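> Structure here, sequence nowhere to be found:
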């Protein structure tokens, strides 16, 4: 590959901040997403869960124990309960800055959408629905309602600023039925026999393999491309993995280190 061709390939890869710039700031907090925007990330990735009183919040785990000073399942807590917790001090408590409480309280999806709308440049969103959940179907329903309030429920399918991701094919099927123009990403930890030829479940339009799949089965990326699918890889943090993804021509890299990846791709 010539140097010019390599530059073109690298510049075409979208860099997605996984839970924000989550290596530098507490994941899923306003601090992490503001840092990702400052770093130049093309898109922000978030996980959404539904609280007991019906709010979508950006929390990865089923329980808040790991990333806050509280305990309990997100689905059993109301937004006011979550708002009283500290979601910042767990990260590098001996070395991290004194996080501003306003930047490390629980983050609602609505607040994240407001941040993106006020960013002053195009920033895409990759929203992951978490499963299994006690709110079967209600997460997707509330997600569609929230996106509609922001005018994101019926985007141009070829230029959408938002996409929905999930390990659950059923979740993506619900999204595709409710909003057929929103791109959907099927996340994979491993490749099942029926998907080895590059096909994806009904309702999924983009492949989302984990980096272990890419390392162990690089030929699978070519099969996905031959099947007409874009490929978004998670979670890509090491320089050799970034280079592998670039060499294989993936369309998006999801990373905890957006600034470093952008620098390696010659974009920072």
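Done, it's in. Everything numeric in this text was worked out from a predicted model, so none of it was measured. Numbering: from 1, shown residues only.
> how many neighbours does the nearest residue to residue 250 once chain neighbours are set aside have?
Excluding its sequence neighbours, the residue lying closest to residue 250 (C-beta to C-beta, 6 or more residues apart in numbering) is residue 231, at 4.5 Å. Glycine gets a C-beta too; all of them are placed from N, C-alpha and C. For residue 231, the count of nearby residues is 22 (other C-beta atoms under 10 Å).
> Tell me the neighbouring strands of the strand or helix carrying residue 231, and mark each as parallel or antiparallel.
Here residue 231 sits within strand 230-233, counting by DSSP states H and E. Applying DSSP bridges, strand 230-233 is found paired with strand 206-209 (parallel), strand 252-255 (parallel).
> residue contacts, the residue nearest to residue 250?
Applying C-beta atoms under 8 Å, 6 or more residues apart in numbering to residue 231 gives the contacts 206-209, 221, 224-225, 248-252.
> Show me the longest helix that occurs in this structure.
helix 138-149 (DSSP state H).
> hang on, the earlier thing: averaged pLDDT, the helix or strand that the strand holding residue 231 is followed by. What do you get?
Heading C-terminal from strand 230-233, the first helix or strand you meet, by DSSP H and E, is helix 239-248. Summarised as a single mean, pLDDT over helix 239-248 is 98.
> for the stretch 1-150 of the chain, what spans make up the strands?
14-18, 43-50, 56-57, 124-129 (DSSP state E, counting those that start in this stretch).
> Minimum distance to residue 149: which of the ones you listed has it?
Closest of the strands of the stretch 1-150 of the chain to residue 149 is strand 56-57, at 11.5 Å (criterion: C-beta to C-beta).
> For residue 15, give its distance to residue 257.
The gap separating residue 15 from residue 257 is 9 Å, by C-beta to C-beta, to the nearest Å.
> Same check on residue 88?
Applying C-beta to C-beta to residue 88 and residue 257 gives a distance of 19 Å.
> And residue 186, by the same measure?
For residue 186, the distance to residue 257 - C-beta to C-beta - is 24 Å.
> now swap in residue 40 and tell me
Distance, residue 40 to residue 257, using C-beta to C-beta: 12 Å.
> So between those two, which is more surrounded?
residue 257 (24 against 16).
> Let me know the distance separating that one from residue 22.
9 Å.
> With residue 222 instead?
30 Å.
> which among the contacts of residue 231 gets closest to residue 116?
residue 252 (16.6 Å).
> Just the pLDDT for the closest one.
98.
> what about it, distance to residue 258?
Taking C-beta to C-beta, one finds residue 252 at 12 Å from residue 258.
> cool, residue 224 as well?
Residue 224 sits 24 Å away from residue 258 when distances are taken as C-beta to C-beta.
> Show me which of the two is the more surrounded one.
Comparing residue 224 with residue 258 by other C-beta under 10 Å, the one with more neighbours is residue 258, at 30 against 23.
> The more buried one is in contact with residue 24, isn't it?
No. Residue 258 is beyond contact range of residue 24, at 9.3 Å (criterion: C-beta atoms under 8 Å).
> what's across from the residue nearest to the spatial centre of the chain in the sheet?
With distances taken as C-alpha atoms, centre = their mean, the residue of the chain nearest its centroid is residue 45 (2.5 Å). With DSSP bridges as the criterion, residue 45 is bridged to residue 18, residue 126.
> which SSE is residue 222 in?
Here residue 222 is assigned to helix 218-226, by DSSP H and E.
> Which residues does that helix contact?
191, 196-198, 207, 209, 213-214, 231, 244, 248-250.
> Apply 7 Å and report the result again.
Under the criterion C-beta atoms under 7 Å, 6 or more residues apart in numbering, residues 191, 197-198, 207, 213-214, 231, 248-250 lie in contact with helix 218-226.
> Turn those into TSV, columns for distance to residue 238.
Shown next, in TSV, are these (distance: C-beta to C-beta, whole Å):
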residue	distance to residue 238
191	21
197	29
198	26
207	21
213	15
214	12
231	18
248	15
249	19
250	15
